[in-house]
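J.: Test case, fold it:
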Amino acid sequence: MASLFFPGALFMFPQAPGSVATPEAPPPVIDETVPPQSNNYVLGPDSETHPSVAAGKTFSFTLTDSKIFPGTTRTITVYIPAAYQGDKPACVYVGLDGLGFNAATVFDNLIAQHAMPITIAIGVSPGEVASASPPDNPRFDRSFEFDSRSDRLARYLLEEVLPEVERYPTSDGRAIKLSSNPNDRAIGGGSTGAIAAFTVAWERPDAFRRVFSAIGTYVGMRGGEQYYVLVRKTEPKPLRIFMQDGVHDEWPGGPEMGDWWMSNQTMHRALEFAGYDVRHVWGAGSHDGSQAASVFPEAMRWLWRDWPAAIPAGLPGNPVLKMILQAGEGWQLAADGCTPASGLAANPQGQVFYGSQGLTEISHTLSNGKPLACGQPAGTAAFAFGADGKLYRARAAGGVEIMAGPAKRSSTILARSLNIRSLTVRSNGDIYAVTRTRDAQGELWLIRPHTVPVRLDTRLKGGGGVALSPDGLWLFVAQSLSRAGLSYRVRSDGTLDARAPFYDFYVPAWADESGAAGIGMDRDGSAYVATAMGVQIFDRNGRVAAILPLPGNVAATSLCFGGRNFDTLFVAGGGKVYRRRLNVPGTAPWALPAKLPPWGAG
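T.: Residues are numbered from 1 along each chain as shown. Sure, this is the predicted structure:
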């Protein structure tokens, strides 16, 4: 036997009879030499002042009395380019930790060269909260504000900083007008300011789409290390990102947080895989801003290239997203003016209804293309349809009311004492229902006509959605107050066993729980769940394989499959209902059990 050696493993390949072993060629020599550390990066001409280029003006003010970051004080620095006339809104660049990288001079030069649009730059310092005994031991909010993986900083910029800047006049008395077009807005920073810039655009791509990230802290400070996975699993957003880092990057005050240099490379690889317009420049520097300052003009040229053309979302690299999404098919607004708590359900014809008074069909928009109005709330906690088209409505007064249809009178009321929050109906008419108890926890019940309801589980953490796998062999219950969803084996008599916290949800940084609600199943057995992060799509091993954010990154509160072929996903969130056609159709909850394709342990 001839053998081929790899580090840590032995692979044996049989030789042909009578063959003679020949010496193997020596392995190629791989040069793993790390270049010596150097932060001696030289600024180019675009970072220097020139007599022929008119210089912009800069002013600063102190911002206090924040509602989003209470008690903080910070400095806001505003750069107004010489070319700004005040007759129309200017593009915007937000610099975190202030206007670093010689930004004002760089913008003077690039705007004069028409290499970037007329842009007002706003430097935002991190907040500081004075103690009760100033100046002793103030609270520095930089890591809290910048490293946190939440939408709080984005809301602060949009709701407090930018409006405050527009209240000031320029030095020559012109009004400051900032563009609200996300394609006209860029944001950047270094270190903790870099991950903050990415987070703002990631959370609010409807507000910022161009990102400059220098020596970013994509490490375990406040969840930044989760971005590598989230980027890979989430449908690409319309962002453009320029990254810089050095092979010797590691902040001396935080090596326990992770490998800084490797984290930037990993982040870059995730962005490339996911389909983003991303560029990087790597160097030999440490956790230092000298290389970032030297490449800042190049980064701005690249980020603003082809402006005002809009930055599109890239094609996903995620194979699950590739499989389920239709090219060019995004979210469409189907209904507006909805209450967040009401659910969605489809009848056997694929018509989708919203829980308004009398139920409102929202399957189709009006002929003029405008979304439907949801109507007045019904006081219906949840509802579902059966295979015969009957409506099963969870009454506010308790129990399940079985009706001949959405507009017909009730015929039967079951389980009157149960406060049901979600339910699903099997093909044989069995009802699995989740109830809410007085302590906001939940219970799982099996309800059948002419029999006493059977309590299956008393340990649910909040009421959430409930759904059967397409083959009817497993039940999925989403716990809204937990990070885990439950899986049960369905026995032949409809009772359950083999309970496990099987489904592992992602939870946004601002939440303590998943907010998991409605569940839909597709033909292949994947589960689609409405959550605080949008629609999380689980494989049959209970893992999130893909995430579909809703417009504005609002939380999804309910969903179902509908349409004539059940190939359209309807999702409620933010007082609206969205719809989107998929390549993989869903299965109706009441459909006869269907055999699923083979599946492995993974």
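J.: which residues does residue 96 bridge with?
T.: Judged by DSSP bridges, the bridge partners of residue 96 are residue 124, residue 189.
J.: Contacts only, for it.
T.: With contact taken as CB atoms under 8 Å, 6 or more residues apart in numbering, residue 96 is in contact with 124, 126, 146, 187-189, 193-194, 196-197. Where C-beta positions appear, they are placed from N, C-alpha and C, glycine not excepted.
J.: Now name the helix or strand holding residue 600.
T.: Of the helices and strands defined by DSSP states H and E, none includes residue 600.
J.: Apologies, that question was intended for residue 202.
T.: Using DSSP H and E, residue 202 falls in helix 192-203.
J.: got a list of contacts for that helix?
T.: 94-97, 100, 142-143, 145-151, 153-154, 157, 187-189, 207-218, 221, 224, 227, 237, 239, 241, 553.
J.: cool, and stretch 307-324?
T.: Taking CB under 8 Å, 6+ apart as the rule, stretch 307-324 contacts 91, 116-117, 183-184, 209-210, 232-233, 235-240, 272-277, 325, 327, 522, 526, 537, 539, 545-546, 582-584.
J.: Skipping adjacent residues, who's closest to residue 183 in space?
T.: Once flanking residues are discounted, residue 183 sits nearest to residue 310: 5.0 Å by CB to CB, 6 or more residues apart in numbering.
J.: let me redo that: residue 245
T.: Residue 245 sits nearest to residue 264 (CB to CB, 6+ apart), 3.9 Å away.
J.: Averaged pLDDT, the helix or strand where the one you found lies. What do you get?
T.: With secondary structure defined by DSSP H and E, residue 264 is part of helix 260-274. In this model, helix 260-274 has an average pLDDT of 97.
J.: Can you point out the buried residues in that helix?
T.: 260-261, 263-268, 270-272, 274 (16 or more other CB atoms under 10 Å).
J.: got a list of contacts for the helix or strand following it?
T.: Sequence-wise, the next helix or strand downstream of helix 260-274 (DSSP H and E) is strand 277-283. Contact with strand 277-283 is made by 38, 41, 239-247, 264-265, 268, 271-272, 291, 295, 298-299, 302, 311, 314, as judged by CB under 8 Å, 6+ apart.
J.: Do you know the pLDDT at residue 602?
T.: Listed pLDDT for residue 602 reads 75.
J.: count of neighbours near it?
T.: When counting by other CB atoms under 10 Å, one arrives at 8 neighbours for residue 602.
J.: In three-state terms, label the nearest residue to it once chain neighbours are set aside for me.
T.: Once flanking residues are discounted, residue 602 sits nearest to residue 541: 4.6 Å by CB to CB, 6+ apart. At residue 541 the chain is in coil, as set by DSSP: H, G, I helix; E, B strand; the rest coil.
J.: so where's the chain uncertain?
T.: 1-24, 30-32, 340-341, 356-358, 364-369, 375-381, 407-410, 440 (pLDDT under 70).
J.: what's next to the longest strand anywhere in it, contact-wise?
T.: With DSSP state E setting the assignment, residue counts place strand 496-504 as the longest strand in the chain. In this structure, residues lying in contact with strand 496-504 by CB under 8 Å, 6+ apart are 444, 446, 456-457, 475-476, 478, 482-491, 527, 529, 538, 542-544.
J.: C-terminal to it, what's the next element?
T.: Counting by DSSP H and E, what follows strand 496-504 is strand 519-522.
J.: what sits up against whichever helix or strand comes after that following strand?
T.: Heading C-terminal from strand 519-522, the first helix or strand you meet, by DSSP H and E, is strand 527-531. The set of residues external to strand 527-531 that reach it, using CB under 8 Å, 6+ apart, is 465, 467, 476, 478, 485, 503, 505-506, 514-522, 535-538, 555-559, 561, 569, 571-573, 586.
J.: Chain neighbours aside, what residue packs nearest to residue 122?
T.: Residue 122's closest residue in space is residue 94 (CB to CB, 6+ apart), at 5.1 Å.
J.: just checking, residue 506 touches residue 536?
T.: Yes - contact status for residue 506 versus residue 536: in contact at 6.3 Å, counting by CB atoms under 8 Å.
J.: Got the phi and psi for the residue lying closest to residue 582 once chain neighbours are set aside?
T.: Excluding its sequence neighbours, the residue lying closest to residue 582 (CB to CB, 6+ apart) is residue 324, at 5.1 Å. With angles defined as degrees, to the nearest 10, residue 324 sits at phi -90, psi -30.
J.: Roughly how far does residue 324 sit from residue 386?
T.: 27 Å (CB to CB, to the nearest Å).
J.: for the closest residue to residue 56 other than its chain neighbours, what are its contacts?
T.: Leaving aside its chain neighbours, residue 56 sits nearest to residue 81 (4.3 Å; criterion: CB to CB, 6+ apart). Residue 81 sits next to 56, 90, 107-108, 111, 118-120 when contact means CB under 8 Å, 6+ apart.
J.: Kindly report the same for residue 63.
T.: Counting by CB under 8 Å, 6+ apart, residue 63 has contacts 73-76, 160-161, 164.
J.: before we move on, what about residue 266?
T.: 218, 228.
J.: Which of the contacts of residue 63 fall in helices?
T.: Among these, the members found in helices (DSSP state H) are residue 164.
J.: now the contacts of residue 63 in a markdown table, with neighbour count and distance to residue 306?
T.: Shown next, in a markdown table, are the contacts of residue 63 (neighbours: other CB atoms under 10 Å; distance: CB to CB, whole Å):
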| residue | neighbour count | distance to residue 306 |
| --- | --- | --- |
| 73 | 17 | 40 |
| 74 | 21 | 34 |
| 75 | 14 | 34 |
| 76 | 19 | 30 |
| 160 | 17 | 32 |
| 161 | 19 | 28 |
| 164 | 14 | 31 |
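J.: sorry, back to before: what angle do the helix holding residue 202 and helix 260-274 make?
T.: 20 degrees (axes from the mean of the first three to the mean of the last three CA atoms, to 10 degrees).
J.: Each with direction, which strands does the helix or strand just after helix 192-203 pair with?
T.: Tracing the chain C-terminally past helix 192-203 and defining elements by DSSP H and E, one meets strand 210-214 next. Strand 210-214 sits in its sheet next to strand 185-190 (parallel), strand 240-246 (parallel), going by DSSP bridges.
J.: can you list contacts of strand 210-214?
T.: 101, 185-191, 194-195, 197-198, 201, 239-245, 289, 291-292, 296, 299-300, 303-304, 311.
J.: Now do the contacts for residue 593.
T.: Applying CB under 8 Å, 6+ apart, the residues near residue 593 are 427, 470-473.
J.: Write a ChimeraX command that selects only the buried members of those residues.
T.: Restricted to buried positions by 16+ other CB under 10 Å, the ChimeraX selection for the contacts of residue 593 reads:
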select :427,470,472
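J.: Specify which member of the contacts of residue 593 is nearest to residue 52.
T.: Distance to residue 52, by CB to CB, is smallest for residue 470 among the contacts of residue 593, at 70.2 Å.
J.: In contact with the closest one: list those residues for me.
T.: With contact set as CB under 8 Å, 6+ apart, residue 470 has these partners: 521, 523, 525, 587, 591, 593-594, 596.
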